[in-house]
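In: Please work out how this folds:
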Amino acid sequence: MSDNSFQPINKNCVFITSAGRSSNRFLSRLMETSVEDCFSVHEPDLLALVQTDEWLEKIRSFGLFNMTIGKFTYTGSTRGISLAREHGKTNDTAAMRQFYALRQKYIASIKQRIYAESNLQLAGLIDLIPKMFPNSTTVYIMRDGRTWVRSHMNWKFDMYGKRDVFSYFSSGRATADQFPSDPFYRKWDQLTRFQKICWQWQHRNRQALALLKKNPT
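Out: Sure, this is the predicted structure:
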């Protein structure tokens, strides 16, 4: 990195990412049980309502702001950092610095030889990962669009629906009306929820495949 205020993290790492709904949690558990001396985690800074026993430890590792209000900003989560890059609100050096701030303390505490993170929110940072983690491997999973869309249509979190909290924030979820060059830029509000989810699949995967070309690992 060009900024001398921090250094790349040299730990052996594996990062698994996707557009979501692609067995990321299963793969995380598989890594933990099948790879020797490996610490494997699924979305380490996710504050899940069903895992309240982990909240205190996560807040200690990632900070109260990043675990709460930060989820809805461009700097407090990997989701926000990825979208900030898409929206031209940050450059690569700043994005790496923000990601470093979210992970350095946490990864430094891991005693195992290998750190494995399965996290869909890393898809927008694929090209930056090897610059921050020179001893890393990145895996991107692309699920069949038909089953991916079906899964999201039936998902309890209601993507692009009234219960989807993130869709109300520009830093929370990508929408076509955020990108003037997108063919659905002026038609976004006319699309059905099904059509919006279809748009999300092609948008996320197109972005990830473009970034993969810049990732040598």
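In: and the gap between residue 152 and residue 124?
Out: 18 Å (CB to CB, to the nearest Å). Quick note: C-beta positions are derived from backbone N, CA and C, even for glycine.
In: If you average the pLDDT over stretch 38-46, what comes out?
Out: Taken as a whole, stretch 38-46 has a mean pLDDT of 90.
In: How about stretch 202-217?
Out: Mean predicted confidence for stretch 202-217 is 92.
In: Restrict that stretch to CA atoms and write it as PDB.
Out: In PDB, the C-alpha atoms belonging to stretch 202-217 read as follows (Å, rounded to 0.1, in the frame of the first residue of the first chain):
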ATOM      1  CA  GLN A 202     -26.700  -9.400 -12.700                       C
ATOM      2  CA  HIS A 203     -25.300  -6.200 -11.100                       C
ATOM      3  CA  ARG A 204     -23.500  -7.900  -8.300                       C
ATOM      4  CA  ASN A 205     -22.100 -10.700 -10.500                       C
ATOM      5  CA  ARG A 206     -21.000  -8.400 -13.300                       C
ATOM      6  CA  GLN A 207     -19.200  -6.200 -10.800                       C
ATOM      7  CA  ALA A 208     -17.500  -9.200  -9.100                       C
ATOM      8  CA  LEU A 209     -16.300 -10.700 -12.400                       C
ATOM      9  CA  ALA A 210     -14.800  -7.400 -13.500                       C
ATOM     10  CA  LEU A 211     -12.900  -7.100 -10.100                       C
ATOM     11  CA  LEU A 212     -11.800 -10.700 -10.300                       C
ATOM     12  CA  LYS A 213      -9.800  -9.900 -13.400                       C
ATOM     13  CA  LYS A 214      -7.700  -7.500 -11.200                       C
ATOM     14  CA  ASN A 215      -7.100 -10.100  -8.500                       C
ATOM     15  CA  PRO A 216      -4.200 -12.400  -9.200                       C
ATOM     16  CA  THR A 217      -5.000 -14.800  -6.300                       C
END
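In: List the buried residues of it.
Out: 203, 204, 205, 207, 208, 211, 215, 217 (16 or more other CB atoms under 10 Å).
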